[in-house]
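A.B. asks: can't give you the sequence, but here's the structure:
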């Protein structure tokens, strides 16, 4: 019995030691994993940086596609001169910059690997100094997310370290920019929408968007939605070889134009049919969908409906005077203080009331009086100021935006809500 107990004790000690080794041993690092001795060695396919490449050529079953980089970026120069979606070309440059090629070669015929003339794509990239990087891309492997390739015509097949055929097996139209209008949304400053007899002009200055050259303030959100719709609108099809005149684009039913830092960009639209319309912004007509037309051919609903068109959460100062009630405060080191430098506790409530304050800019009014003032500063010279004048016969008070535009009406409930927050 005593011997049996000693054996059990020894076994228990051994077991505890094994458990301690397993628990306390450091985890195996990824680099410590033994390499697969059967895996063939790989070497980098090309040695370049994306920005060094100035010419890219894809020569496949559908013919040659050539891209050249100029001062304003990449363009397709063959089979036609046109703008492209640069993301699709840079995807090729980025992937091939990091690709590796297995050093082993594969037996078989070119057609076994998609390297025959009917399926292969010859990729050629050039630097301005004449350096050339080229490879023949075949079909994808059945498993393993790889692609067959050859270093040169007649060379044996090898394996690339990643699947790339989907990047290069494209038709010219797959690379073309499908944007209807190539403009800068952030620098847009004048918009003109003509749809039949309806016409709208929107202009932007340092104080925001306005309707026409002397009209009321426009809703920045509404204009922003329209700009986003135009920036996102895409051609459904390119109609190369079709004359604009046969598509009704010589006498367009609608015209859209946007002025930005690059100039004025114009889109002509034919009469609508059940599926959409034809459009022309450059040399090639395109097809536009109904959904894009519904977003772009909108000439109403742009009037600003708020008293101030500012983001009140960005406010650095606020000044409100409504009759005998007033508030003056500014932000100091993240805290609101009044004119005497003491903490101002009501400012957030006041700003919330101002943000929700509505205005009626649809009428024609004359401004008189000096009953009140609402000013929100965003730092520096940025911000908005609205002066409030006499009471109107139908209720509310007349107001005017000191940045411009005709007088408008603020109702009594809106003024009462702001006054209650002071």
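C.D. replies: Noted; the coordinates are in hand. All of these numbers come straight from a predicted model, not from anything done at the bench. Residues are numbered from 1 along each chain as shown.
A.B. asks: mind giving me the domain split of this structure?
C.D. replies: Following automatic domain parsing, one finds the domains of the chain at 42-175, 185-296, 312-421.
A.B. asks: nearest to residue 304, out of those?
C.D. replies: Closest of the domains of the chain to residue 304 is domain 185-296, at 4.3 Å (criterion: C-beta to C-beta). In short, each C-beta sits where N, CA and C put it, glycine included.
A.B. asks: residue 258 sits in which helix or strand?
C.D. replies: strand 254-260 (DSSP states H and E).
A.B. asks: export the domains of the chain to a markdown table and append columns for mean neighbour count.
C.D. replies: Formatted as a markdown table, the domains of the chain follow (neighbours: other C-beta atoms under 10 Å):
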| stretch | mean neighbour count |
| --- | --- |
| domain 42-175 | 16 |
| domain 185-296 | 17 |
| domain 312-421 | 16 |
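A.B. asks: need those domains in a markdown table with distance to residue 302 and mean pLDDT, can you?
C.D. replies: Below are the domains of the chain laid out as a markdown table (distance: least, C-beta to C-beta, whole Å; pLDDT from 0 to 100):
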| stretch | distance to residue 302 | mean pLDDT |
| --- | --- | --- |
| domain 42-175 | 30 | 95 |
| domain 185-296 | 5 | 95 |
| domain 312-421 | 10 | 94 |
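A.B. asks: which one, of those, ends up nearest to residue 303?
C.D. replies: The nearest among the domains of the chain, by C-beta to C-beta, is domain 312-421 at 5.1 Å.
A.B. asks: chain center to that closest one, what's the gap?
C.D. replies: In terms of C-alpha atoms, centre = their mean, to the nearest Å, the centre of domain 312-421 is set 34 Å apart from its chain centre.
A.B. asks: and residue 285, what does it touch?
C.D. replies: 239, 242, 244, 247, 249, 278, 279 (C-beta atoms under 8 Å, 6 or more residues apart in numbering).
A.B. asks: now tabulate these in JSON lines and tack on distance to residue 336 and secondary structure.
C.D. replies: Shown next, in JSON lines, are the contacts of residue 285 (distance: C-beta to C-beta, whole Å; DSSP: H, G, I helix; E, B strand; the rest coil):
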{"residue": "239", "distance to residue 336": "59", "secondary structure": "coil"}
{"residue": "242", "distance to residue 336": "62", "secondary structure": "coil"}
{"residue": "244", "distance to residue 336": "59", "secondary structure": "helix"}
{"residue": "247", "distance to residue 336": "60", "secondary structure": "helix"}
{"residue": "249", "distance to residue 336": "57", "secondary structure": "coil"}
{"residue": "278", "distance to residue 336": "56", "secondary structure": "strand"}
{"residue": "279", "distance to residue 336": "51", "secondary structure": "strand"}
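A.B. asks: name the helices or strands packed onto the host helix or strand of residue 374?
C.D. replies: If you go by DSSP H and E, residue 374 is part of strand 372-379. If contacts are counted by 3 or more C-beta pairs under 8 Å, 6 or more residues apart in numbering; DSSP states H and E, strand 372-379 sits against strand 317-322, helix 347-355, strand 382-391.
A.B. asks: can we see that at 10 Å?
C.D. replies: In terms of contacts (3 or more C-beta pairs under 10 Å, 6 or more residues apart in numbering; DSSP states H and E), strand 372-379 is packed against strand 317-322, strand 325-332, helix 347-355, strand 382-391, strand 397-401, helix 412-421.
A.B. asks: closest one to residue 291 among the ones you listed?
C.D. replies: With C-beta to C-beta as the measure, helix 347-355 is the member of the helices and strands packed on strand 372-379 nearest residue 291 (31.9 Å).
A.B. asks: which elements pack onto the closest one?
C.D. replies: Contacts defined by 3+ C-beta pairs under 10 Å, 6+ apart place helix 347-355 against strand 317-322, strand 325-332, strand 335-338, strand 372-379, helix 412-421.
A.B. asks: hmm, who's touching the strand holding residue 374?
C.D. replies: 307-308, 310-312, 314-323, 325-326, 328, 330-331, 350-351, 354-355, 357, 382-389, 397, 399, 402, 410, 415, 418-419 (C-beta atoms under 10 Å, 6 or more residues apart in numbering).
A.B. asks: run the last query once more with 8 Å
C.D. replies: By C-beta under 8 Å, 6+ apart, the residues outside strand 372-379 that reach it are 307-308, 310-312, 314-323, 330, 351, 354, 357, 383-388, 397, 415, 418.
A.B. asks: Three-state assignment for the residue nearest to residue 229 when sequence neighbours are not counted, please.
C.D. replies: Leaving aside its chain neighbours, residue 229 sits nearest to residue 295 (3.8 Å; criterion: C-beta to C-beta, 6 or more residues apart in numbering). Under the three-state scheme (DSSP: H, G, I helix; E, B strand; the rest coil), residue 295 adopts helix.
A.B. asks: what's in contact with stretch 205-215?
C.D. replies: So stretch 205-215 is contacted by 189, 200-204, 216-220, 223, 302-303, 309, 382, 384, 401, 403-406 (C-beta under 8 Å, 6+ apart).
A.B. asks: I meant to write stretch 89-108 there.
C.D. replies: If you take C-beta under 8 Å, 6+ apart as the criterion, stretch 89-108 is touched by 40-46, 48-50, 53, 56, 67, 74, 113, 123, 125, 133, 135, 148-149, 151, 156-162, 164, 167-168, 175.
A.B. asks: keep only those of the residues you listed that are in helices.
C.D. replies: Applying DSSP state H to the contacts of stretch 89-108, the entries found in helices are 167, 168, 175.
A.B. asks: would you list those in TSV and tack on distance to residue 232?
C.D. replies: Formatted as TSV, those follow (distance: C-beta to C-beta, whole Å):
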residue	distance to residue 232
167	24
168	27
175	19
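A.B. asks: mind listing the helices for the stretch 1-150 of the chain?
C.D. replies: Taking DSSP state H, counting those that start in this stretch, the helices of the stretch 1-150 of the chain run over residues 2-24, 86-98.
A.B. asks: circling back to that earlier point, out of the contacts of stretch 205-215, which sit inside strands?
C.D. replies: In this view, the contacts of stretch 205-215 that belong to strands under DSSP state E are 200, 201, 202, 203, 204, 382, 384, 401.
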